[in-house]
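Student: Compute the structure for the input listed below.
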Amino acid sequence: MTLEHIIELEKIAVYQNETLILANVSLTISKGEFHYLIGKTGSGKSSLLKTIYAELPVRSGSAMVAGFDLRKLRRKEVPFLRRKLGIVFQDFQLLMDRSVNENLFFVMRSTGWKDKREMQKRLLEVLAKVNLGNKGAKMPHQLSGGEQQRIAIARALVNDPEVILADEPTGNLDPESSEGIISLLMDISKTGRAVVMATHNYTFFDKYPALTLLCENGRVIHH
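Tutor: Numbers count the residues shown, from 1 in each chain. Modelled structure (predicted):
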């Protein structure tokens, strides 16, 4: 694995329980690259992302992600891998009973941050990156869907990850908010992070062209 390749999968199989979802998957993703991951519902997009963030095991082939060998990864090492990954879901997965700031502090505390001053500084940095620097005191329900997804992206950036994995991040958003999220993720990739975005929404591909991976018939095809 070269230093530039942040994800390197070679001839892996992706299983959900005992069901083979994708076979013979080989791909490399480098720092600063943006990839769309496309395909019909049930074609294996989410399963591939789950394999990359070690929710599903790698049983064959070789898989290196952010310097971790997924074939040899022990359960207790998974949190260390995930600190190098930022994961964004379709349904935001914010804690609705606490403010935006407390959502971000919760992630920091659970990933080992201790210094209050450092935490506050990082909080302001990530909120500024997603253009929501003035929303920290708000509760999630006081924000629009697009703003909630921006907070989810801020949360994913907290630990300065090398990779952002976004699973249908615009799935619950209107077109204008969706475009804002894609533009933001594109900007994040330009800071040297790899971004993989699973999506059904092809309407922005002309305006935001990028490398494309297609899940189809149990395979991953490079477009």
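Student: Going by C-alpha atoms from here, please, whenever you check contacts or count neighbours.
Tutor: OK.
Student: Would you map out the domains in the chain?
Tutor: Per automatic domain parsing, the structural domains of the chain span 1-84+162-223, 94-160.
Student: want to throw those into CSV with mean pLDDT and mean neighbour count?
Tutor: Listed next are those as CSV, based on pLDDT from 0 to 100; neighbours: other Cα atoms under 10 Å:
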stretch, mean pLDDT, mean neighbour count
domain 1-84+162-223, 94, 18
domain 94-160, 96, 18
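Student: and the residue lying closest to Leu211 once chain neighbours are set aside, bridged to which residues?
Tutor: In space, and not counting its chain neighbours, Leu211 is closest to His35: 4.8 Å by Cα to Cα, 6 or more residues apart in numbering. Beta-bridge pairing for His35 (DSSP bridges): Val196, Leu211.
Student: Return the residues in contact with His35.
Tutor: Val195, Val196, Met197, Ala210, Leu211, Thr212, Leu213 (Cα atoms under 8 Å, 6 or more residues apart in numbering).
Student: how near is it to Ala23?
Tutor: 20 Å (Cα to Cα, to the nearest Å).
Student: What of Ile29?
Tutor: For Ile29, the distance to Ala23 - Cα to Cα - is 18 Å.
Student: before we move on, which element is the residue of the chain positioned farthest from its centre in?
Tutor: Note on the chain: the largest C-alpha distance from the chain mean falls to Arg117, namely 26.9 Å (Cα atoms, centre = their mean). Per DSSP states H and E: Arg117 is located in helix 116-129.
Student: which ones are touching Leu20?
Tutor: Per Cα under 8 Å, 6+ apart, neighbours of Leu20: Ala13, Val14.
Student: Shouldn't it be within a strand?
Tutor: Yes - using DSSP: H, G, I helix; E, B strand; the rest coil, the assignment for Leu20 is a strand.
Student: So what sits opposite Leu22 in the bridge?
Tutor: Here Leu22 sits in beta bridges with Val14, going by DSSP bridges.
Student: wait, isn't it in contact with Ile221?
Tutor: No - with contact defined as Cα atoms under 8 Å, Leu22 does not count as touching Ile221 (10.9 Å).
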